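# any chance you could fold what I've pasted below:
(2 chains)
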Amino acid sequence: MQKEKIIIILGQTATGKSNLAVKIAKKINGEIISADSRQVYVGLDIGTGKITQKEMKGIPHHLIDIVKPKNKFTVAEYKKLAEEKIKEIISRDKTPIICGGTGFYIDAITKGVIFPKVPPNSKLRKILEKKSTEQLLKILKKLDPTRAKNIDSKNKVRLIRAIEIAKALGKVPKITAVKPLYKFIKIGLYLPQDKLKKKVEKRVKKMFTDGLLNEIKKLKKASISQKRLSELGFEYNNPTYEKVVRGTLQYAKHQMQWFKRDKEIKWFDASKKIFDIIMMKL
RNA sequence: GCGUCGAUGGUAGAGUGGUCAAAUACGACACGCUGUAAACGUGUUGCCUUCGGGCUUCGGGGGUUCGAAUCCCUCUCGACGCA
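Residues are numbered from 1 along each chain as shown, chains lettered A, B, ... in the order given. I've put the predicted structure just below:
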C-alpha cells in the first residue's frame, strides 16, 4: 500500500508560511494543521502572528486555539492531537498540510519519536527546581547512570525531566522512533538576512498598531500572571518595538539552527516566485 | 571664565598601583536539544600562535614607579554647579 502524502511547510518566522500553506491547500484540496507551540493558546493572537479567519480563506485550520494560556501545552500532547487530525483529514480524502515554525513539534510527528509515557509531575518538579544542577546530577546518577552520563549536565530542565522519567519507569528509556506511517514532503521557507530583517520590522510595527499591548491587557484581565506571560514569549513580557524585533530575529536564527540538521527539507527563497515550482514537486 | 565630577572592550558597567586581555550583564558568533522548545543549556567573543605562549589595549600626549586602567601634569570631549 502506498503511503499517504503529507506536506510540511516549515521555516523561519515571517517568511509567509501560512500564506503558502493556504495557497497549496486550495490547489490540492488540503487542510492545515498548525505546528506552532504558541498558537495553540486562545487569546495569543497578535503576539504570535496567528492567522486570521479572513486569511484562512475557508481552508480548515487545526490545532489553533485549543488550550487556555493558563494551562501548559507540551510536545507530547501536540503529537497525539496532530496524529489524530492527520487520520481524520485523510479519512476525508483530503491532504494534511502541516505548517509552522516549531521544529520540535514537526520532528515529533515526522520522525516517529516515541516520548516516554510519563506526564509532567509538577509536585516533583517544584521540589527539584530548588536543587542545584550538581545535586540533580547526583540524583540522576543513582537512578540511571547511563542517562546521567549522556545528559547535558548543566541543564536543569533536562535533568529534572530525566529524574521525573527515571522515578516513574526505573530508568530513562532509550530514544526510540518508529517508522513514519506517511510520506512527508518538507518544504522550507527562508529569506535572505536583509529581507528577513525588513519583513520582521514591518511585522512588529504592525503588531503594535494592531494592539499587542491591548492583547496583553486582556490576558492580564483573564488573570494570566506576569510570570506566565513572559513564559509565553518576549512579545508578552513588557514588549518594546526594539525588543520584539531583536527577539524575533534571534528566534529566526534559532529556528534555522534546528531545521538545518534535517536533510530532508527542500529549501526555497521566500522572496522569489516559488509557488509554481513547489507545486510541481508535490 | 572658574569649580567639581566623569571618559574602560560591540553596548551597558565593575575595577582605583602588581593576582588585569580587564568582573558581570547584554549583544554577536558557533553549537546542543526527545513531554516548558519563541523554552532550556554549552562554547567563543583584542590580535597572533607550533596552544607553551607572544604582542598591542582602558579618551590623546607626557611623567612618577621595578611595575599604571588605577598616581601626577597637560590637552580634548561630556555632565553638573557657580559666574
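# from the chain's centroid, how far away is the longest helix belonging to chain A?
Secondary structure of chain A per DSSP state H: the longest helix is helix A:241-259. Relative to its chain's centre, helix A:241-259 lies at 14 Å (Cα atoms, centre = their mean, to the nearest Å).
# ok, and for it, which residues are buried?
Within helix A:241-259, the residues that count as buried by 16 or more other Cβ atoms under 10 Å are A:244-245, A:247-249, A:251-252, A:255, A:259. All C-beta atoms are positioned from the backbone trio N, CA, C, and that covers glycine.
# quick check: the gap between A:T240 and A:Q257.
A:T240 sits 25 Å away from A:Q257, going by Cβ to Cβ, to the nearest Å.
# coming back round to it: right, is the longest helix of chain A up against RNA strand B?
Yes: applying Cβ under 7 Å from any atom of the strand, one finds helix A:241-259 touching RNA strand B at A:246-251, A:253-255, A:257-258.
# make JSON lines out of these and add distance to A:L213.
Shown next, in JSON lines, are the residues of helix A:241-259 next to RNA strand B (distance: Cβ to Cβ, whole Å):
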{"residue": "A:R246", "distance to A:L213": "18"}
{"residue": "A:G247", "distance to A:L213": "16"}
{"residue": "A:T248", "distance to A:L213": "17"}
{"residue": "A:L249", "distance to A:L213": "21"}
{"residue": "A:Q250", "distance to A:L213": "22"}
{"residue": "A:Y251", "distance to A:L213": "20"}
{"residue": "A:K253", "distance to A:L213": "26"}
{"residue": "A:H254", "distance to A:L213": "25"}
{"residue": "A:Q255", "distance to A:L213": "26"}
{"residue": "A:Q257", "distance to A:L213": "30"}
{"residue": "A:W258", "distance to A:L213": "30"}
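# can you name the next helix or strand after the longest helix of chain A?
Going down the chain from helix A:241-259, the next helix or strand is strand A:266-269, by DSSP states H and E.
# ok, residues contacting that next one?
For strand A:266-269, the surrounding residues in contact (Cβ atoms under 8 Å, 6 or more residues apart in numbering) are A:11, A:185-192, A:274, A:277-278, A:281.
# chain center to it, what's the gap?
So, by Cα atoms, centre = their mean, the centroid of strand A:266-269 is 19 Å from its chain's centroid.
# mind listing the helices for the stretch 51-200 of chain A?
A:53-56, A:75-91, A:103-110, A:122-129, A:133-143, A:145-150, A:156-169, A:193-209 (DSSP state H, counting those that start in this stretch).
# deepest-packed of these, please.
Across the helices of the stretch 51-200 of chain A, averaging neighbours per residue (mean count of other Cβ atoms under 10 Å) puts helix A:103-110 on top, at a mean of 21.
# does it reach RNA strand B?
Yes: applying Cβ under 7 Å from any atom of the strand, one finds that helix A:103-110 is in contact with RNA strand B at A:103-105.
# mind putting those residues into CSV with pLDDT?
Shown next, in CSV, are the residues of helix A:103-110 next to RNA strand B (pLDDT from 0 to 100):
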residue, pLDDT
A:G103, 97
A:F104, 97
A:Y105, 97
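# in JSON lines: the residues you listed, plus distance to A:L81.
As requested, these are arranged in JSON lines below (distance: Cβ to Cβ, whole Å):
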{"residue": "A:G103", "distance to A:L81": "18"}
{"residue": "A:F104", "distance to A:L81": "15"}
{"residue": "A:Y105", "distance to A:L81": "10"}
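# tell me which of the residues you listed is nearest to RNA strand B?
Top of the list for closeness to RNA strand B, among those and by Cβ to the nearest atom of the strand, is A:F104 at 3.1 Å.
# what sits against that closest one?
A:F104 neighbours (Cβ under 8 Å, 6+ apart): A:37, A:75, A:258.
# before we move on, the earlier item: most neighbours among the contacts of strand A:266-269, which one?
A:G11 (28 neighbours; other Cβ atoms under 10 Å).
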